[in-house]
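1. Dropping the sequence and predicted coords here.
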Amino acid sequence: MTNPWWIIGGVLFVLLNTAAGLIWLERRMLALWQDRYGPNRAGPFGILIVLADTLKLFFKEDWIPPFADKVVFVFAPAVVAASVLMSFVIVPFAPGIVVSDMNIGILFFLAMSSLGVYSIVLGGWASNNKYALLGAMRGASQMISYEVFMGLALMGVVVMSGSFNLSVIVEAQKNVWFIFPQLIGFVIFLIAGIAETHRLPFDIPEAESELVAGFHSEYSGMKFGMFFIGEYLGITLISAMVVVLYFGGWLGPSFLPPVIWFVIKTFAFIMLFILLRASMPRPRYDQLMEYGWKVLFPLSLLNLMVTAAIKLWLSTH
Amino acid sequence: MSFDDFLSLGPLITLSAAAVISMLLVAIRRNHRITYAFSLLAYLMAMTAIIPAMLFIPHTIPPLLVIDEFSLFNTGLILVSGFIILLLSYNYFEEREERKEEYYLLLLLATTGAMVLVISRHFMSLFLGLEILSISLYGLIAYLRARERSDEAGIKYLILAALSSAFLLFGMALVYAFTGHMDFNGIGDALRQAGHLPVMVMAGFAMMLIGVGFKLGIVPFHMWAPDVYEGAPLPVAAFIATISKGGMLVVLIRFYQDIHGNEYTMLWWVLAIIAVASMFAGNWLALRQENIKRILAYSSIAHMGYILVAFLSGVQTGLEAISFYLVAYFITSIGAFGVLIVMSSSVQDAETVEDYRGMFWRYPWVAVVFTAMLLSLAGIPLTAGFIGKFYIVMAGVNAHMWFLLFMLVINSVIGLYYYIRIIAMMFKLPDTGAGSVIKPALPVAGNITLMLLTALLLGLGIYPTAMMQLIQQMMKMIV
Amino acid sequence: MNMHPTTAGLLLAGILFVLGLISVLIRRNIIFMLLSVEIMLNAAGLAFVVASSHWGTADGQVMFMFILAMAAAEVSVGLALILQLYHQLRTLDSDEANRMHG
Amino acid sequence: MQSAVENTIPVWPFVAYGGIVLILVSLILGLSYVLGQRHKDRATGEAYESGIVSTGSARLRFPSQFYLIAMLFVIFDIETVLIISWAIAYQEVGWAGFAGVSVFIVILLAVLIYEWRNGALDFGPDGRKILRAYKKRRKNGAANLHDYTDIQQQQAVL
Amino acid sequence: MILLILLFILLGGALLSWIAASRSVLLSRWVALGALLADLVIILQIWIAHPAAGTQWIYSYRTSWIPHFGISLHFSMDGLSLLMLVLTFFLGALAVLISWKEINTRVGFYHFNLLFVLAGITGVFLTMDLFLFYFFWEMMLIPMYFLIGIWGHENREYAANKFFIFTQAGGLLMLLSILALYFIHAANANVYTFDYFDLLHTPMQQSTARWLMLGFLVAFLVKLPAVPFHTWLPDAHTEAPTAGSVILAGLLLKTGAYGILRFVIPLFPEASQYYANLCMLLGVIGILYGGMLAYAQTDLKRLIAYTSVSHMGFVLLGAFSFNELAYQGVVVQMIAHGISTGALFIIAGTLYERIHTRNILQMGGLWAGVPMMGSAAMIFVMASLGLPGLGNFVAEFLILIGSWQASRWLTVFATIGLVVATAYSLRIMQKVFFGSYTREEQLPDLNKRELLVVVSLVIVILLLGLYPQPVLNTSQKTEQKTAYVVR
């Protein structure tokens, strides 16, 4: 058993750096797919832009609007970063490399991702700005709606593995990754995951072109940075969860250590997220909601029932 | 779940399935008449489902439910009452609300809740039944959105019901924490082993009493009743007055029986004080009301007090008396509200005493029906209410509760006054032209229903033997 | 402070309950009253869970789930009614909303 | 008390992690507060609304649609909670449990159908409704095309 | 069976006359009158067949009603019941006749109520089952309430409510006592029954018996009415229509007296003796107080009402004297008072029809205009003050002789009541018929219908005064038995 302190420190260090690094990575990849250069001045391939951005954000004016609800205004961005970071507590990066391998892992994940909605609603409300409020309302309804489907989709995996513990779930995929029996669940989870992180193309709460950044219109400096980091951490989290739940987590041929497999798979999904941003148009708000309730919700219920029925049938025969 | 269980729960399953199906029906095609007809059918089918359920009694479905004669009797009572209320509802809602179909859905659900209550022998089923009932009632009470008092009534009921639920739950939790059981028998046994009532259980019972008392509308948890009766649509008020209270009362009786409540004098005294207070508050406050709905509300508070007297007698006659009184009270209350429904115009409820001035000379039959109902509430011979009250007094005398009986007598006399006042108003000669402006709807179905109710009322008043035998037989099982 | 965990749990639940009750009684905004009632309900739920862990049975936990479900349903209906009331009265003051007397 | 949490894994790494996260977050916010510059200009204290001077309160009233979503969430999420408790134990409760959950889910689906048919799941502007309203206004002669776009915009924003 | 028929004729007549009213008002009146006359004929035949009541129970009928409680439909008739029924049907028929012209609104419903009250009273006089007794006791209230409340005078509702609530309150106390008796008997004999004869000799503790007796007594004292419970009576009598007043004074008050004779004393002999002095005192107070108040009244009907209080005081006095003479006096007093006071109310009613006031100060000198009415009034006023030769004299004389054996002082005071009676009776004649005539218009005297009513009443009161033996014979057995119970 590794010393937990090392794990804690390592996880936090890697995460924060990944989040920062993703900003650069995304800009480079987008540029690649859009046939342009992207950031290329600071450092090799412009990688130091991350550092520059961070410094800039720290020194930006820490502006709190006089018309805002000040306490809530400051509190909101902290929630998003903290809740996403906390979610990583239960992610098993490799056998034994997990901060707290609790047996209600999935529930904890769901709980933490629900907390994210508070940051949006509180931020939008505290801003006392029409755009912000509109964004917040949209964000809230979108996130809470997809929360439902996400939970239901996950239940397929729970039924397959018989546990909420993520390590157990990974171990249960020794023979076959859950992506195959749980293809529908995977798709729903992925879509819901994108919606949960209000990541493009489902960035309706912030939709620059309609709502001028939506719920964080009034945010600037590091408080804005928190939302920003939160979003990238969210991408990482969803990717990691997808890997853990459907792609066998750290499992892989033994020529590479488990952690490396995990990182590779996760990055593949991060790239997918970036690719989605580059290639998909943003749906309308009502389309998104209707799609969720009218398609994903019945589908996720169906998926769960069918999975359970087959598993039960298999276990009795 | 075995086949027997299914048949035993037949009425409950039928009705709850009907609620779901009627919801789908509304989704498919929104039509008042279809939904109404379907609900009628559902009630009839549930009533028929009682017959096969009778084959298995007494049947226990551990740990939550018990189906014995007592619960089947009350199930039947609830179903019939619900059916009658439903019959009275159609015309009332036809003109009043653009979306009337959900009313039937909610009514079915609320009835289901009450039915769960009467078969429960466990905190969990008690709670579930109670909440199904309550939550449907929130919607029902505030159903007429256009009416200004309805949402106020709804919110009042909601906040207070939720508050009382919280008390009930906390009380249950305390009892559970001490005894480790949530089924009534288990609690009774645990308490028996303990030999006395520990403070925690006492506190638990007290808190539960708040929850139960609220539903029953007994003093001091009665404040909601008049406002809710006034604001709610008339059929819903009838529902609250009868089925909702009846269901709770039945479960209270069962609980009290199973924990051997009469062995604990403290409980007895608390209930006795509540009974006296309910009688007095109900009758006294009703005296000054001008609104018949409110009068009926206060009168129902008083009636719950009367029932408590029988309840406290702790003898078998007392339980029989309660059952009989419930039947009489159900018929009477629904009948009284039925008159109000029939007399209401398509836009306005006939609710003030003044609306009934000289009614006898214009609508003699309805007035006679109303008179009969009011006299039954007052407990005058030839009506079921008389036999019911007689039964209660008998139970009280049997248990030598002279003080309570004396209070009951005093209150019966006070009560007379306001019933008589309404009757007097109906029989006033219509000398002034400026009386009521309400043009009653007088729907045919409603009139027929009222006739039947009156026939039942007089029938029970003149020849109560059959009903008594039924009740007596039933009580042999529970005691 | 060496308290039996069950007693401590019940005490906590009791405190929460009383807080909720006080809040219901003194608040005049209907939404807050509703919220306070929810606190009371959850206090009862907590008490159930504590009792459940004391006896090592799952009953209390099941009860808590039902309480959750019921609280949710109650809030949905309650908020709908409150919206309706606000629509009519333009206020959420419970004293204003007390128009029926007698 | 037969909980697995207590005797298998220690709680302290979780607490430590949480503590560090909290410290980190507050540190970042605190640092930026200390380091950030301050300035005061004519329009510094005004709300940003794409360069237009803002009018009216920002506390908008929202269509009840949002409320409906909240209710849907509350209801269905609680249902999910119940389903979750079955999902973890489906093996133990077997086909009987499956049947129970099936009934439960069928009821859920019935509710969904009901909501659907009653338009609770139609979030955007309803084209037909707008058209009907428009036609009605045209017939009354009080309308012009401008009004129509107004309605549309109003509904499209939300 | 004949007893059931008596009841059913009334109930059937009630329904029929209500239905008939939709055809023709006159038909409704005739139906009601017919029903009452039929009953009267039946009961007179019975009387003729059993003049001296040799066997104590003339008829008896019993069938199970609510076996669960031990309640049966048990009717029995003895001399006392028989006399009361004769009075009931006789006054009932007169009541229909007297309201022939007075009642013009809702005639059908009026007769329905009238016959229903009479059915209730008949039931009270016949039933031998305590539950059934309570049942009828309550049953006669509602139609009476309507009679006062619908067809009464200006202040009718107040009066009707007061009447109803007073009697109901008393009734409920009686119910408690009945039930207690029921359970005590059940505890002793292990048989649950409400039957009068079974309950008669229920052994119980004295203190219990006293309480139970009080429960009964209050109900009957309210009805009677004895002094502290009398306040409903002047209102009810004054506001009721003439027929209502006749039934109230003539019959309803008698149910109270009947209850005391039939139930209180036989069921609780020891307790009755214990309270006898108190009750007699109440009776004497009633005699004096009623008489004094009567003297002070200006409203004619109210005046007559207070005379009732006074007269019923004699009944109470006699009932608790516990000897046969007094009982005979009580029975005769019940009948004589029914006749004389009923007649006075009828005269007051006919007067009211003519001059539309009940204030005796606005009357005076009417004798000249309406001599027949005046002479009739003279006879009944004389009867009321107890002039020898008229029914009341016999009654009061017997009562006073009887009570003299029981309590001398009280008898002396009761005799003072006779003086008071003379005062108020003469005042009636003085103010109403003598003096100077102040009115412009000519008043019509009694018409044929009214004459028929009045003359029949006069004949009866004269018969009662001159030859009371049949009455005394008929009820003798009952009286002996009641007196024997206490000895």
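-> Perfect, I can see it now.
2. Pull the contacting residues for A:P181.
-> By Cβ atoms under 8 Å, 6 or more residues apart in numbering or on different chains, the contact set of A:P181 is A:160, A:307. For every residue, glycine as well, the C-beta is placed using N, CA and C.
3. now swap in the one 5 residues further on and tell me
-> Listed by Cβ under 8 Å, 6+ apart, the contact partners of A:F186 are A:153, A:178-179, A:242, A:245-246.
4. I'd assumed A:Q173 was in a strand, is it?
-> No - going by DSSP: H, G, I helix; E, B strand; the rest coil, the assignment for A:Q173 is coil, not a strand.
5. Just the pLDDT at it, thanks.
-> pLDDT recorded at A:Q173 is 84.
6. Not counting residues beside it along the chain, what's closest to it?
-> Distance criterion Cβ to Cβ, 6 or more residues apart in numbering or on different chains; nearest residue to A:Q173, sequence neighbours excluded, is A:G248 at 4.3 Å.
7. I'd assumed A:I169 was in contact with that neighbour.
-> No - with contact defined as Cβ atoms under 8 Å, A:G248 does not count as touching A:I169 (9.7 Å).
8. Overlap in contacts, those two.
-> Joint contacts of A:G248 and A:I169 (Cβ under 8 Å, 6+ apart) are A:F178.
9. Pull out the buried positions in the longest helix along chain C.
-> Using DSSP state H to define each element, chain C has its longest helix at helix C:59-89. For helix C:59-89, the neighbour count (16 or more other Cβ atoms under 10 Å in any protein chain shown) marks C:59-60, C:62-82, C:84-86, C:88 as buried.
10. That one vs chain B: in contact?
-> Yes - judged by Cβ under 8 Å from any Cβ of the partner chain, helix C:59-89 comes into contact with chain B at C:59-60, C:62-63, C:66-67, C:70, C:73-74, C:77-78, C:81-82, C:84-85, C:88.
11. Next one: B:M304 relative to chain E, how far apart?
-> Computed as Cβ to the nearest Cβ, to the nearest Å, the B:M304 to chain E distance reads 19 Å.
12. Distance of A:L15 relative to chain E?
-> In this view, A:L15 and chain E are 81 Å apart by Cβ to the nearest Cβ.
13. Help me confirm that E:I9 comes into contact with E:A32.
-> No - judged on Cβ under 8 Å, E:I9 makes no contact with E:A32 at a distance of 11.1 Å.
14. More neighbours: which of those two?
-> It is E:A32, of E:I9 and E:A32, that has more neighbours when counted by other Cβ atoms under 10 Å in any protein chain shown, with 32 against 21.
15. In terms of helices and strands, where is the more buried one?
-> helix E:25-49 (DSSP states H and E).
16. any idea how far B:V315 is from B:F56?
-> Taking Cβ to Cβ, to the nearest Å as the criterion, B:F56 is separated from B:V315 by 29 Å.
17. and the residue in the stretch 251-400 of chain B positioned nearest to chain E, how many neighbours?
-> Closest approach of the stretch 251-400 of chain B to chain E (Cβ to the nearest Cβ) occurs at B:V397, with a separation of 4.0 Å. Look at B:V397: counted by other Cβ under 10 Å, it has 23 neighbours.
18. what's the closest non-adjacent residue to it?
-> In this structure, B:V397 finds its nearest non-sequential neighbour in E:L179, 4.0 Å apart by Cβ to Cβ, 6+ apart.
19. buried ones in the helix or strand containing that neighbour?
-> E:L179 is part of helix E:156-189 when elements are defined by DSSP H and E. Of the residues in helix E:156-189, E:156-185 count as buried by neighbour count, 16+ other Cβ under 10 Å.
20. Dump the helix or strand just after that helix to CSV, keeping only the CA atoms.
-> Going down the chain from helix E:156-189, the next helix or strand is helix E:196-199, by DSSP H and E. Listed next in CSV are the C-alpha coordinates belonging to helix E:196-199 (Å, rounded to 0.1, in the frame of the first residue of the first chain):
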residue,chain,number,x,y,z
TYR,E,196,-90.0,-1.5,31.2
PHE,E,197,-91.2,-4.5,33.1
ASP,E,198,-87.9,-6.1,33.2
LEU,E,199,-86.3,-3.0,34.5
